[in-house]
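Peer 1: got a structure for you, letters missing:
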């Protein structure tokens, strides 16, 4: 199966980039399934139902969220109406929506997508992501009920992301990190056959401070004093993410490649 995962969509720039490039990528790369992390797509803070629809219209099959899952209040309702939107498994108890789902893919195949939040350096004490994910992995062994499985590990620490990669090795097709908005250069297939990337990066304007217009972050770093709110940068977006090809029978990865399309970063593609 040919799978594309796109990192955190950042504001209007990121949404425009996805709408511009994803339909072509879906066609030219013959993609079977596309996951997009959309938790910063609405003004850099959360995702609205309207903007979720725009990501699906562009070609996403699944949209994952993160620690900003419900910053946009209408997501409390939208996530229950559209089961293609996933919030983290280990989010607050009683939160609407769900943290994993099995999706249909071409040829009668099935794809499991799950998202968990890390604990290290995160502002809130979320539940243990490893124990939250374990029953989902046990219920969906690779090459069994599902032909591919993707885990979005949304957190700050690369060490925690790497630990999740090794924890899932041989049990899923791909573990990919999100949240830091900076693409890492460690795409690899782990010994057990799971593809891994510490962070997919963002879909947004890289002439910025992790997607935000530079002026206010620079002021706060230099002076320690806020003056205005953060606003997403509005230049041309680079789509950053990862492409994985999996083997249907085993559910494990055959290849992995970093993806960068458009904008300021040097392009990389499978």
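Peer 2: Cool, got the structure. No experiment lies behind these values; they were computed from the predicted model shown. Numbers count the residues shown, from 1 in each chain.

Peer 1: could I get the full set of helices for the stretch 1-150 of the chain?
Peer 2: For the stretch 1-150 of the chain, applying DSSP state H, counting those that start in this stretch gives helices covering 11-28, 49-58, 75-81, 129-139.

Peer 1: what about residue 124, how many neighbours?
Peer 2: 9 (other CB atoms under 10 Å). For glycine as for every other residue, the C-beta is placed from the backbone atoms N, C-alpha and C.

Peer 1: leaving out sequence neighbours, find the closest residue to it.
Peer 2: residue 67 (6.9 Å; CB to CB, 6 or more residues apart in numbering).

Peer 1: so what's the spatially most central residue of the chain up against?
Peer 2: Central residue of the chain (CA atoms, centre = their mean): residue 37, 3.4 Å from the mean position. For residue 37, the contact set (CB atoms under 8 Å, 6 or more residues apart in numbering) comprises 5-9, 63-66, 152, 154, 178, 200.

Peer 1: 6 Å instead?
Peer 2: Applying CB atoms under 6 Å, 6 or more residues apart in numbering, we find residue 37 in contact with 7, 8, 64, 178.

Peer 1: repeat that for residue 73.
Peer 2: No contacts exist for residue 73 under CB under 6 Å, 6+ apart.

Peer 1: same question, residue 121
Peer 2: Neighbours of residue 121 in contact, by CB under 6 Å, 6+ apart: 156, 157.

Peer 1: go again with 8 Å.
Peer 2: Per CB under 8 Å, 6+ apart, neighbours of residue 121: 155, 156, 157.

Peer 1: kindly report the same for residue 249.
Peer 2: residue 143.

Peer 1: could I get the pLDDT score of it?
Peer 2: Note for residue 249: predicted pLDDT of 94.

Peer 1: ok so, going back, thought residue 118 was touching the residue nearest to residue 124, still the case?
Peer 2: No. Using CB atoms under 8 Å, residue 67 is not in contact with residue 118; the gap is 9.3 Å.

Peer 1: find residues that contact each of those two.
Peer 2: Joint contacts of residue 67 and residue 118 (CB under 8 Å, 6+ apart) are 126, 154, 179.

Peer 1: can you get me a residue count around the nearest residue in space to residue 269 that is not next to it in sequence?
Peer 2: Spatial nearest neighbour of residue 269, excluding adjacent residues (CB to CB, 6+ apart): residue 259 at 5.8 Å. Around residue 259 sit 25 other residues, with neighbours defined as other CB under 10 Å.

Peer 1: do you know how far residue 259 is from residue 22?
Peer 2: As judged by CB to CB, to the nearest Å, residue 259 and residue 22 stand 11 Å apart.

Peer 1: how about residue 56, nearest residue that isn't a chain neighbour?
Peer 2: Closest residue to residue 56 apart from its sequence neighbours, by CB to CB, 6+ apart: residue 84 at 6.5 Å.

Peer 1: give me the buried positions along stretch 201-219.
Peer 2: Under the neighbour-count criterion of 16 or more other CB atoms under 10 Å, stretch 201-219 has 201-206, 208-213, 216 buried.

Peer 1: I'd like the contacts of residue 121 laid out as JSON lines, including distance to residue 239, secondary structure and neighbour count.
Peer 2: Below are these laid out as JSON lines (distance: CB to CB, whole Å; DSSP: H, G, I helix; E, B strand; the rest coil; neighbours: other CB atoms under 10 Å):
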{"residue": "155", "distance to residue 239": "22", "secondary structure": "coil", "neighbour count": "26"}
{"residue": "156", "distance to residue 239": "22", "secondary structure": "coil", "neighbour count": "18"}
{"residue": "157", "distance to residue 239": "25", "secondary structure": "coil", "neighbour count": "17"}
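
Peer 1: next, show the common contact partners of residue 259 and residue 22.
Peer 2: The contact sets of residue 259 and residue 22 overlap at 6, 239 (CB under 8 Å, 6+ apart).

Peer 1: coming back round to it: and which of the contacts of residue 121 is nearest to residue 74?
Peer 2: The nearest member of the contacts of residue 121 to residue 74, counting by CB to CB, is residue 155 at 25.6 Å.

Peer 1: right, and residue 197 touches residue 189 too?
Peer 2: No. Using CB under 8 Å, residue 197 is not in contact with residue 189, being 10.6 Å away.
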